[in-house]
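# sharing a sequence plus its predicted fold:
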Amino acid sequence: MGNVVVNTATKLDAHALRADFPIFEQEFHGKPLAFLDSAASSQKPRQMLEAMNRFYETSYANVHRGVYELAERATEGLEHARERTRAFINAPSTREVIFLRNATEALNLVAYSWGLNNLGPGDAVVVTELEHHSNFVPWQYIAKRQGADFLMLSIDESGDPDLSQLEEIARDHTVKVVATNLVSNSLGTIHDLVPLVEWAHEQNAIFVCDAAQAAPHMKLDVQALDCDFLAISGHKMCGPSGIGALWGRAELLQSMEPFLLGGHMISSVRADKTMWGELPHKFEAGTAPMAEAVGLGAAIDYLEAIGLDKIEAHEHELAAYALGRLGEVPGITLYGPSAERRAGVVSFNLEGIHPHDVAQILDLQGVAIRAGHHCCQPLMHKLGVAATNRASFYLYTIPEEIDQLVEGLYAVRKVFA
Ligand code: 7TS
């Protein structure tokens, strides 16, 4: 691990942590970068970049195949990253941790490999109106293909899934899958999943947790969550792009067919029959994203040295500050829950101004935000808008960036006055 400064203070020091992120050394349009798009993808600390470089420079070869020392070193790098990922989500075993490209691939794996063998007419898959398309479209597609029903829990006034619908769903369907996010990428809501997980298990359904937005921001524990599958993306949590992980209960993973077929995932291949390999390899066909996995392991080291509790507290603080400051801007509509109930995500609209125009003018002020549907079209439909602006924060976000955003919004209003 690189020279991470272990922060023993009660709060994290975002101003100091920013020095770890080379991206902030540049200016955009003559202004310091206010990077408020971390929910889409986070920036990268030097420690993680150096760990990947070190791996390429000293330990790189294809893994699990070579009998030579360098290949063994590469394999150790990959498997160490698997152990770091296991510990990060408190999974019982590294056999249950599968490296994939991202959360999308992880969720597709479950939908295809579990769904194609377990869903049929009369069965139902339940998602919520707040899902990212990655946890919506694969289930919709596989349910339809299998003749199963695809049901969406609508959200109530407070933006939480309306659980009053559960009784009727259970009466009319055999619920086989409940799939929801832990943290919403559009509203930032941190959900209390306990009632849904309990309900899913009462129905003998599996519970699939999309933790793509949760993993960067809060301590995860698959055993405490009591879920059956959990998906994360490395690029949202200071790791590189191209690496994510699926955790699943070993007995479920063992009972499933593989998703991708080819090298590395087999134990034997004959003309008449192929036998699958052991977990986790059964689900890791082809050359592994080795350096990316090493990068994810280093990112986890980085986050844990800071402390996930401090990161979460920092985001609540920024969300409160942003909600307060943005609330002063005339003509603004803010979406989502109170600051204590949200990760560092604030979606909003300015009356009469299209989000794409807002984002484009903000760019000239050095402010990077996202404008669009955030891969949440069902939610946008519910909110009655085509798109929102979204500012999102992370451990390196400082209040000055939010000030820069607010000033930028006044400039936007001037242009459209
Ligand atoms: N689930 C949630 C809740 C997400 O926010 C995202 C990505 C995904 C799944 C998919 O992750 P991927 O790594 O497989 O792409 N969210 C966003 C976003 O909000 N803006 O860009 C990507």
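On my side now, so go ahead.
# hey, let's count contacts and neighbours off CA atoms from now on
Fine.
# chain neighbours aside, what residue packs nearest to the closest residue to the ligand within the stretch 251-400 of the chain?
With CA to the nearest ligand atom as the measure, His374 is the residue of the stretch 251-400 of the chain nearest to the ligand, at 5.1 Å. Spatial nearest neighbour of His374, chain neighbours left out: Ser186 (6.4 Å); criterion: CA to CA, 6 or more residues apart in numbering.
# right, and the one you found touches Phe348 too?
No: applying CA atoms under 8 Å as the test, Ser186 and Phe348 come out as separate, 9.8 Å apart.
# neighbour count for these two, which is higher?
Neighbour comparison, Ser186 and Phe348: the larger count goes to Ser186, with 28 against 22 (by other CA atoms under 10 Å).
# what kind of secondary structure is that one in?
Put simply, Ser186 is coil when judged by DSSP: H, G, I helix; E, B strand; the rest coil.
# same deal with Ser267?
What three-state DSSP gives for Ser267 is strand.
# look up how far Ser255 lies from it.
Going from Ser267 to Ser255 by CA to CA, to the nearest Å gives 16 Å.
# how about the residues of the stretch 51-200 of the chain by the ligand?
Asn102, Ala103, Thr104, His132, Ser134, Asn181, Ser184, Asn185 (CA under 6 Å from any ligand atom).
# the second one: neighbour count?
Neighbourhood size, Ala103 [other CA under 10 Å]: 25.
# other residues contacting stretch 42-55?
For stretch 42-55, contacts defined as CA atoms under 8 Å, 6 or more residues apart in numbering pick out 1-4, 20-23, 74, 77, 235-240, 291-292, 294-296, 298-299, 302, 394.
# could you rerun that using 6 Å?
Identification of contacts with stretch 42-55 by CA atoms under 6 Å, 6 or more residues apart in numbering yields Gly2, Asp20, Phe21, Lys236, Cys238, Ala291, Gly295, Ala298, Ala299.
# where is the longest strand in the protein?
strand 174-181 (DSSP state E).
# which SSE is immediately downstream of that one?
Downstream of strand 174-181, the next assigned helix or strand under DSSP states H and E is helix 194-202.
# mind listing what's buried in that following helix?
Leu196, Val197, Glu198, Trp199, Ala200, His201 (16 or more other CA atoms under 10 Å).
# dump that helix to PDB, restricted to CA.
Only the C-alpha atoms of helix 194-202 are listed here, as PDB (Å, rounded to 0.1, in the frame of the first residue of the first chain):
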ATOM      1  CA  VAL A 194     -34.700  -4.400   6.300                       C
ATOM      2  CA  PRO A 195     -38.500  -4.600   5.600                       C
ATOM      3  CA  LEU A 196     -38.000  -5.500   2.000                       C
ATOM      4  CA  VAL A 197     -35.300  -8.100   2.700                       C
ATOM      5  CA  GLU A 198     -37.500  -9.700   5.400                       C
ATOM      6  CA  TRP A 199     -40.500  -9.700   3.100                       C
ATOM      7  CA  ALA A 200     -38.500 -11.200   0.200                       C
ATOM      8  CA  HIS A 201     -37.300 -14.000   2.400                       C
ATOM      9  CA  GLU A 202     -40.900 -14.600   3.700                       C
END
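# and the next helix or strand past it?
Taking DSSP H and E, what comes next after helix 194-202 is strand 206-210.
# domain-wise, how is this protein divided?
14-41+307-416, 52-304 (automatic domain parsing).
# can you report how many residues lie near the residue of the stretch 251-400 of the chain closest to the ligand?
20.
# on the pLDDT front, check it for me.
Looking at His374, its pLDDT reads 96.
# same check on Arg101?
Note for Arg101: predicted pLDDT of 98.
# which residues does it contact?
Counting by CA under 6 Å, 6+ apart, Arg101 has contacts Gly242, Ile243, Gly244.
# buried residues in stretch 243-252?
Neighbour-count burial for stretch 243-252 flags Ile243, Gly244, Ala245, Leu246, Trp247, Gly248, Arg249, Ala250 (criterion: 16+ other CA under 10 Å).
# next, the angle strand 206-210 makes with the longest strand of the chain.
Strand 174-181 and strand 206-210 are oriented at 20 degrees to each other (axes from the mean of the first three to the mean of the last three CA atoms, to 10 degrees).
# can you offset everything so residue one is 16?
Will do, 16 is the new start, and the previous item becomes strand 189-196.
# which residues are contacting strand 189-196?
With CA under 6 Å, 6+ apart as the test, strand 189-196 has contacts from Asp138, Ala139, Val140, Val141, Val142, Ala220, Ile221, Phe222, Val223, Cys224, Asp225, Ala226.
# appreciated, that's everything.
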